[in-house]
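Participant: Sequence and predicted model, in that order:
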Amino acid sequence: MCNYLLSGLIHCGKCNAKMIGSSAKSGQHFYYACQNYSKRGKSVCNAKLINKKEIENILIDRIKTHVLTEKNLTELLNIVIDELNQSNKGFENKLKSIDMQLNVHHNKLDKLYSSLETGKLDIDDIAPRIKELRKQTDKFNLKRNEIQDEIQNPTFIPFDLKMLKHYVKDLADLLNKGSIIERKSFLRSFIKRIVVNHPEVRIDYKLPIINEKDRNPESEVLSIIKLAPR
C-alpha cells in the first residue's frame, strides 16, 4: 500500500480540483493526478501527472531548509510575543473603559446618598436604584479584577536559544522519521494548500516565513525541475 503524504493538501493549478493518488504499471510508479482529469478526462482538465516521490521530496526539503530554521522559528516566536503585547494593550484599554464606567456609577451613587442626607428623597424611592447601581458596580469590579490578573500573569513562552535548536532538530527528525499520520499532521500545521501548475508549485503557508530577503510572505512559488511522463 502506498501512502500519499500530500493528500488533502495538493490541488491542481489548472482547474482547482484536488489531486489524488494514482499508480501505473501494476503499482510500480506512483503519481498525484488531478481528480477532474482522472474521473472526466482531458476534455475537463489536461493537467500532467506529478511524480509522487519527486513532489514530496521537494516539499520536505523546502520545509526543512526554509521553514525549520532557527531564524524562521525565532521570527515566528517574535510574532507570537508581539501579539501577546498587543493583547496587553487591549487589556489596558478595557481597564480604562471599566474605570470610566465605575466613576460614572460612583458619582450616581454619591448623588443618591446626598439626596438622602438632605431629605430631598426618601429611602423607599431610591433604594431600588441604589441596589441596581451597586449590582452593576460589582460586575465592573469583578471584570476589572479578571483583566488585572491577565496583565499581572501573562502567558509565559518557555523558549530560549538552546531549546529552540533542539526544537528545530526534533521537528526535522519527525518530518524524516515519523509515521505517515505524524508527518501529515506536521505538514498541515505549517501548510495551508499546495497548488501545482506545471512547471510551478505554489505553497500557501499558515504562518509567515522568512525568505532570502528577510521578508515574511505567506506563500512562495517553486519550480519543478522535471516531471514524470504521462
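Facilitator: Nice, I can see it. Numbers count the residues shown, from 1 in each chain.
Participant: Show me what secondary structure element comes after the helix or strand bottoming out on mean pLDDT in the chain.
Facilitator: Lowest on mean pLDDT, DSSP states H and E among the helices and strands of the chain sits helix 161-177, with a mean of 72. Next helix or strand after helix 161-177 toward the C-terminus (DSSP states H and E): helix 180-190.
Participant: got the buried residues for the following helix or strand past that following helix?
Facilitator: Going down the chain from helix 180-190, the next helix or strand is strand 191-197, by DSSP H and E. Within strand 191-197, the residues scored as buried using 16 or more other Cβ atoms under 10 Å are 191, 194, 195, 196. C-beta coordinates here come from the backbone N, C-alpha and C atoms, glycine included.
Participant: just checking, residue 60 touches residue 175?
Facilitator: Yes: Residue 60 lies in contact with residue 175 (Cβ atoms under 8 Å); the separation is 6.0 Å.
Participant: which one of these two has more residues nearby?
Facilitator: Neighbour count, other Cβ atoms under 10 Å: between residue 60 and residue 175, residue 175 has more, with 21 against 17.
Participant: Check what pLDDT the closest residue to residue 206 other than its chain neighbours gets.
Facilitator: Among residues not flanking residue 206 along the chain, residue 192 sits closest, at 4.9 Å (Cβ to Cβ, 6 or more residues apart in numbering). Residue 192 is assigned 91 on the pLDDT scale.
Participant: List the contacts of residue 192.
Facilitator: 204, 205, 206 (Cβ atoms under 8 Å, 6 or more residues apart in numbering).
Participant: now that we have those residues, which one has the most neighbours?
Facilitator: Busiest of those [other Cβ under 10 Å] is residue 205, holding 18 neighbours.
Participant: Helix, strand or coil: sort out residue 22 for me.
Facilitator: Here residue 22 is recorded as strand under DSSP: H, G, I helix; E, B strand; the rest coil.
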